[in-house]
Structures are given as structure tokens and as C-alpha cells.
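> give me the fold of what follows.
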Amino acid sequence: MGEKNHFTILSKTNRIWAIGAIHGNMSGLCAIHDEIVKKLCDGDKIIYLGNYFGYGDNILSTLEEIFKFRCWFLSIPPLTTCDDIIFLRGRQEEMWQKLRQLHFARNPIDILDWACNHGMDKALNSFNINIEDGYRFAMEGALSLTQWTTKLKEITSGVAGHDNFLASLKHAVVSQNNGLLFLSSGIDISKDLSRQTDSLWWGGKNFYLIDKPYNQFSRIIRGYDPMHSGFTEETYTLSLDAGDPIKSQPMAVCLSDDGHIQDIIRPN
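Numbering: from 1, shown residues only. Sure, this is the predicted structure:
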């Protein structure tokens with residue numbers, strides 16, 4: 001597997017497991033993992049489509065489950081390479097990074113409000129970080145706010161695997177035959193893949209307007225719909241959104257290398 005314009009190229013395979021937005025839903029993620037363990041075949045690849053943080057009460061446990069499952073997957077025979085299990089960056093991870101760099105923001109209180117409205121206060125609570133302290137320091141100015149972000153970085157960096165995980169997150173995945181494109185939420189179809197920026201996380205509302213192949217891709221698969229419209233399958237797109245990120249369970253699908261659904265996992 002290699003890198004092309006910050007997008008990962010998936011090595012050749014017959015089947016790909018794609019896991020939609022998790023949002024800190026520990027029980028739902030465990031149920032998906034349990035089913036994949038039962039159904040996994042030699043040569044299968046796994047792609048997590050982002051949004052591990054947010055809304056759920058078990059963010060830290062969710063990350064630990066992801067790390068544990070990755071270790072298991074890479075340990076099973078035949079020998080599996082690290083490139084066969086890939087994690088995408090979602091909008092929740094974008095918000096998490098903005099919180100860690102909040103002292104650079106011109107409008108830190110607005111960013112705190114925005115992040116909390118998207119469940120990031122739950123992520124902070126999981127790491128025993130007080131969001132009210134963030135507001136208090138933000139009102140005092142950048143110097144004081146730096147104390148809060150420094151504490152946030154120290155605590156999160158103290159969790160084994162956390163920083164390496166964030167650094168490893170990919171923007172999108174392209175199948176080796178360029179037939180499939182995996183992304184977190186959205187894409188600007190007026191731009192080439194190499195020119196995509198924040199639209200990968202914030203451009204999801206126009207996903208349903210895709211009515212023809214984008215560039216060379218026969219199908220685009222995403223893990224999160226900002227409109228929470230639920231699972232939808234169209235000719236050129238596939239949305240693994242589970243609906244309400246607070247009440248709904250995450251879902252996963254198994255795809256053939258040409259993008260046809262082989263299996264669907266929907267925890268109760």
C-alpha cells in the first residue's frame with residue numbers, strides 16, 4: 001500500500017469490511033467486532049470510516065477496544081500487514097484536534113460551544129478534563145488557555161496509543177483498481193481528489209447529489225451523514241450512516257472489491 005496525495009491506496013483484496021461512525025458507542029462497536037471475528041476470511045481488509053469520538057459516554061473505552069481489536073487482527077495467521085486495517089479521520093477527530101490547539105483560536109469560546117454541541121464534552125469527560133475550566137481559561141485569554149490545552153495534551157498523550165492513533169488517521173482510501181473510494185462524510189465533486197480539503201468532513205450534505213461516477217470511481221462509501229438519514233445505497237454511493245448518533249447503533253458492511261454488499265452488520 002502507498003500514499004498518493006495524502007490518500008491511502010488499499011492493497012488488492014477480495015473483501016473489505018467498512019465500519020461506519022462509532023461516536024463512542026462501546027457496546028455497538030464490540031458487537032460489530034464480535035461479528036467480524038466470526039466471519040473474517042483470509043485476505044480481508046478493514047476500514048474504519050472515522051468519528052470515534054463524540055456523544056457516547058465511553059470514549060476512552062471505545063479507543064481501547066479499537067486498539068485491542070487492531071492488535072488481534074494483526075496477530076491472526078496468515079501474517080497480516082499493518083496496512084490491512086485502516087482508520088480514517090472524521091469530523092469528530094477534527095474537532096478533537098481543534099480542542100487540543102484551542103489556544104491558537106481567535107474565537108475559542110465559539111469553538112468550545114460548537115464542539116460541545118457535537119458531543120465532544122463527553123470525550124473530554126472520558127479523559128477527566130473539565131470543559132468548564134476550558135471556558136474559564138478562554139475568557140481569561142490565550143496565556144491562561146494554554147494551561148488548559150497543555151493539560152489536555154498531557155493527559156491524552158499519557159493514554160497508550162492515543163497520539164500514534166491520531167497521527168495515523170487517513171483522509172480517504174482508494175482501492176487498488178481505483179474502483180472504490182472510502183471517506184468519512186463528504187466530497188466536493190467539482191474538485192479532483194488531490195484538491196479535497198475540509199469537504200471530506202464538512203461537505204456531506206451534497207452527497208446525495210452524486211448521480212454519476214466521480215472521476216474513475218464506480219462507488220463512494222462513507223461512514224457518516226450529517227443529515228442523519230440512515231443507511232442508503234444508491235448506484236454510485238453507499239452511506240453507512242446509522243441515523244441519530246446518540247440513540248442509534250453503529251453499523252458495518254462487507255463489500256466485494258467491486259463495491260457490492262456481501263454482508264451487513266447492524267447490532268440490536
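> can you give me the neighbour number for residue 199?
Using other CB atoms under 10 Å, residue 199 has 18 other residues around it. All C-beta spots, glycine's among them, are computed from the backbone N, C-alpha and C.
> same check on residue 170?
Neighbour tally, residue 170, other CB under 10 Å: 19.
> same check, this time on residue 13
Around residue 13 sit 16 other residues, with neighbours defined as other CB under 10 Å.
> same check on residue 24?
Neighbourhood size, residue 24 [other CB under 10 Å]: 28.
> what's the nearest residue to the residue nearest the centre of the chain if we skip its chain neighbours?
In the chain, the centroid-proximal residue (CA atoms, centre = their mean) is residue 50; its distance is 0.5 Å. In this structure, residue 50 finds its nearest non-sequential neighbour in residue 90, 2.5 Å apart by CB to CB, 6 or more residues apart in numbering.
> is it true that the residue nearest to the centre of the chain lies in a strand?
No. Counting by DSSP: H, G, I helix; E, B strand; the rest coil, residue 50 is not found in a strand; it is coil.
> from residue 95, how far off is it?
12 Å (CB to CB, to the nearest Å).
> now the strand or helix carrying residue 149, how far from the chain's geometric center?
Using DSSP states H and E, residue 149 sits within helix 142-157. Here helix 142-157 is found 24 Å from its chain centre; the criterion is CA atoms, centre = their mean, to the nearest Å.
> residues in contact with that helix?
For helix 142-157, contacts defined as CB atoms under 8 Å, 6 or more residues apart in numbering pick out 99-104, 108, 124, 127-129, 133-134, 137-138, 162-163.
> return a PyMOL selection command for the buried portion of the residues you listed.
With 16 or more other CB atoms under 10 Å as the criterion, this PyMOL line picks the buried residues out of the contacts of helix 142-157:
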select buried, resi 99+100+102+103+108+124+129+133+134+137+138+162
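> in helices only, show me the contacts of helix 142-157.
99, 100, 108, 124, 133, 134, 137, 138, 162, 163 (DSSP state H).
> would TSV of the residues you listed with distance to residue 60 and pLDDT be doable?
Listed next are the ones in helices among the contacts of helix 142-157 as TSV, based on distance: CB to CB, whole Å; pLDDT from 0 to 100:
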residue	distance to residue 60	pLDDT
99	15	94
100	15	92
108	24	95
124	11	92
133	18	93
134	18	93
137	23	94
138	24	94
162	9	92
163	14	93
